[in-house]
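Participant: only geometry, no sequence info:
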């Protein structure tokens, strides 16, 4: 990074040219992978892939992963981890269904309570990490496990289904301007969260805390508070994901959110290699989620076995992050 | 058997052949001649103390001996044989051991486990626990100190940890040990134990190189004292021929006037008090600090490493909580609970460690310039405009002469001096009324240094009160007044015009007992 200070009009030495090439690869490599992937699949399945229905379908499949992964991005930006998001999603989904079935709560009330529980668990995570000074991995693993326990207590471990599911299902199935509600939710949230991270003092403070907590504190930033807010945003969006997931089937089960934990981490880390040098950010996370969804979609369209999905997702993560890391080292070392 | 105490009656000296000799060592760093034809001699079974002010070249000399740095000229002889020491490994193989202030122990390991580190495993590949314990027992006997072997070192006191570190270096046969400021964080009792251990070592023929700022201690433990000044040896003397006053004179270079005459002759035309500090203390690090900082004043704090200056600065900005004392800022009570409180009240600290405490190394110049302004925001739930922030940042970069054509570049693309300007600028951006600078020109080239002094002077003219902590006593010439800190206490108050390097150095070393009439003691 330090070596290249040319402004473009001086003739480049071969080493500097290599450095610049590596920087381009580091920044745009992941995005390029998405492009190549789209091109290959479009060629292999010309009639089914590049249709507006399929694009909407891909986005719809991305929506929930995107919501939970964007939440996780906030925890990661502040330099923390949250392993409880999958469990939060499971708990909030079950809670929402249970409230409607057993307590006769209205859908908005059930939504509010379930999302609020997500926020409260995030607050608890933040409290344990900042006040008790417990490592985030341990703290969120513990809190997540406790959430599973609560979940079993609430639902007796049995799946909960709504008896009169139409209004509930409409949240997932309904469309506005031909685009499903979950996609709208993803788009609106992405915009709001992008603004929060890039256009507020809070978001900038989060990035400073993630960059160097000691310097941030000596600069007057309230590091603990910033971290707690990061965990709360993370928990809130995990809660929202859980409820939205329940609206897909009008039912919920204890383990429904589990698969989202790893996919959210994969998307956020893949996204950290998009456009920036290893920093977590909203657009990157979205690109990560969508890249995975395109891959899954292609695997289905081409007719490959389901296990390819896992191989693809793991490989994508390693290549995305690996190329970014190598590129950073090349540009820094040259 | 040779030395009970250097203060005691002259004991019969056995014919000591020189154990270690460094002859004509020179070392240059860029434009700075760090060592110039330095020679020292250490006999087996003796303690040679190395004394000198900050920057006299003691550390560089030790680093060369340890193989960390290579000398430009000169030679090192062990038992009269010239030996090249090209790496720390080589130094260890020669039986040269170094106990630094940074102990490099594994906190979770027991004393024995730590001592076993670096000892090659038995032939089987397993750690030969019994043999190790046996060896550790011998070392314990050699030191005459009951080192706790089976307690994790994180549970040990500072001095016990130091002893473990010393014992580790003795697990292999040692001829020579260098101790760098061993007693810096020891209590008196612990220090006494160390003196006993040193006596045991020398009785066994080990040569000890002892570096300390505490002159009474130096005279107590050493047989000979070599003083250094500005990279040269200025003299070597038998310890029993020295006292604290004469030793101070050797360190400083010439007879200096009594400091008491300067104190009290304060500048009459001084502005109103901005920050009043009364009896501020924290545990054993800072005790009863009392001073006034006036509007537009540049107040220096001189002291040796470990005198408690950084700890005092951290109390001023609420990074640590004081255990005693009060502060008022512009007449109102000032008790910051965090750097956020301080920066909102208008008190900012430019920290000592630029890279670890000052900068977000992965970010752009723009982002770094904005960070303290974020910290000053009353609520975090307000908008942030990158464009106007960048504009403000660019103006600041110009005002502080940060040499870059584009502030969106990574901050790491700047030189050290320009990085320091960025740290300074980000705090000035918050409009502080009190700016504390902790060693602001360490690792800064001469040109940038002058620009930083210019900035400090300019801020003071505009009414900002400056507190300048520095170990570079020439630098303190920019101050209106200089306080001297020693062992956690402010011990002298000197007018800037009279704060010569010689006087400050002397005040930093001098202890209260030596000059009973020292009315500068607060």
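Facilitator: Arrived safely. Being a predicted model, the structure only gives us computed values, none of them experimental.
Participant: got the residues of chain A near chain B?
Facilitator: For chain A, the residues in contact with chain B (CB under 8 Å from any CB of the partner chain) are A:1-2, A:5, A:7, A:198-205, A:207-208, A:211-212, A:214-222, A:225-226, A:229, A:277-279. Any C-beta I mention is one placed from the backbone N, CA and C, and that applies to glycine too.
Participant: just want the most central residue of chain B.
Facilitator: Computing the C-alpha centroid of chain B and ranking residues by CA atoms, centre = their mean puts residue B:305 first, at 2.7 Å.
Participant: tell me if that residue really is in a helix.
Facilitator: No. With DSSP: H, G, I helix; E, B strand; the rest coil as the criterion, residue B:305 is assigned coil and is not in a helix.
Participant: didn't it look like it was pressed against residue B:471?
Facilitator: Yes. Assessed by CB atoms under 8 Å, residue B:305 is found in contact with residue B:471 at 6.6 Å.
Participant: quick check: buried residues in the helix or strand where residue B:447 lies?
Facilitator: Here residue B:447 sits within helix B:446-461, counting by DSSP states H and E. If you call a residue buried by 16 or more other CB atoms under 10 Å in any protein chain shown, then helix B:446-461 has these buried ones: B:448-449, B:451-453, B:455-456, B:459-460.
Participant: one more: stretch B:406-416?
Facilitator: For stretch B:406-416, by 16+ other CB under 10 Å, it's B:407, B:409-415.
Participant: cool, and stretch B:190-207?
Facilitator: Of the residues in stretch B:190-207, B:190-191, B:193-194, B:197-199, B:201-202, B:206-207 count as buried by neighbour count, 16+ other CB under 10 Å.
Participant: what bits of chain B have low per-residue confidence?
Facilitator: Along chain B, the parts satisfying pLDDT under 70 run over B:1-17, B:31, B:54-55, B:101-103, B:118-127, B:184-185, B:187, B:254-270, B:446, B:511-522.
Participant: tell me the domain boundaries of it?
Facilitator: By the assignment in automatic domain parsing, chain B contains the domains B:18-95+B:175-252, B:108-173, B:259-509.
Participant: so which of the ones you listed comes closest to chain A?
Facilitator: Between chain A and the domains of chain B, the tightest spacing by CB to the nearest CB is seen for domain B:259-509, at 2.5 Å.
Participant: next, the contact list for the most centrally placed residue in chain A, please.
Facilitator: Computing the C-alpha centroid of chain A and ranking residues by CA atoms, centre = their mean puts residue A:69 first, at 0.9 Å. Taking CB atoms under 8 Å, 6 or more residues apart in numbering or on different chains as the contact definition, residue A:69 lies against A:263-264, A:267-268, A:271, A:285, A:288-289.
Participant: again, 7 Å this time
Facilitator: Residues in contact with residue A:69 (CB atoms under 7 Å, 6 or more residues apart in numbering or on different chains) are A:264, A:267-268, A:285, A:288-289.
Participant: can you redo these as JSON lines with secondary structure, neighbour count and pLDDT?
Facilitator: Listed next are the contacts of residue A:69 as JSON lines, based on DSSP: H, G, I helix; E, B strand; the rest coil; neighbours: other CB atoms under 10 Å in any protein chain shown; pLDDT from 0 to 100:
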{"residue": "A:264", "secondary structure": "helix", "neighbour count": "32", "pLDDT": "89"}
{"residue": "A:267", "secondary structure": "helix", "neighbour count": "33", "pLDDT": "88"}
{"residue": "A:268", "secondary structure": "helix", "neighbour count": "26", "pLDDT": "88"}
{"residue": "A:285", "secondary structure": "helix", "neighbour count": "29", "pLDDT": "90"}
{"residue": "A:288", "secondary structure": "helix", "neighbour count": "32", "pLDDT": "89"}
{"residue": "A:289", "secondary structure": "helix", "neighbour count": "29", "pLDDT": "92"}
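Participant: ok, the residues you listed vs residue B:242, which is closest?
Facilitator: Residue B:242 lies nearest to residue A:268 out of those, by CB to CB, at 65.3 Å.
Participant: quick one: which helix or strand includes residue B:292?
Facilitator: If you go by DSSP H and E, residue B:292 is part of strand B:286-294.
Participant: check which helices and strands that strand is in contact with.
Facilitator: strand B:273-282, helix B:309-316, strand B:465-470, strand B:489-495 (3 or more CB pairs under 7 Å, 6 or more residues apart in numbering or on different chains; DSSP states H and E).
Participant: which of the ones you listed sits closest to residue A:30?
Facilitator: helix B:309-316 (42.1 Å).
Participant: I'd say residue B:410 and residue B:367 touch.
Facilitator: No. Proximity of residue B:410 to residue B:367 does not meet the contact threshold set by CB atoms under 7 Å, at 9.6 Å.
Participant: quick one on the thing from earlier: and which of the buried residues of stretch B:406-416 is nearest residue B:73?
Facilitator: Nearest member of the buried residues of stretch B:406-416 to residue B:73, counting by CB to CB, is residue B:415, at 29.0 Å.
Participant: returning to that earlier point: just put the domains of chain B in a markdown table and tack on distance to residue A:85.
Facilitator: Shown next, in a markdown table, are these (distance: least, CB to CB, whole Å):
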| stretch | distance to residue A:85 |
| --- | --- |
| domain B:18-95+B:175-252 | 44 |
| domain B:108-173 | 31 |
| domain B:259-509 | 23 |
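Participant: list the contacts of the residue of chain A found nearest chain B.
Facilitator: Nearest residue of chain A to chain B: residue A:220, at 2.5 Å (CB to the nearest CB). Neighbouring residues of residue A:220 by CB under 7 Å, 6+ apart: B:339-340, B:343, B:372, B:375-376.
Participant: now swap in residue B:279 and tell me
Facilitator: Contacts for residue B:279 (CB under 7 Å, 6+ apart) come out as B:288, B:290, B:324-325.
Participant: most widely separated two among the residues you listed?
Facilitator: Longest span within these, CB to CB: B:290 and B:324, 11.1 Å.
Participant: shaky segments in chain A?
Facilitator: Along chain A, the parts satisfying pLDDT under 70 run over A:1-16, A:331-334.
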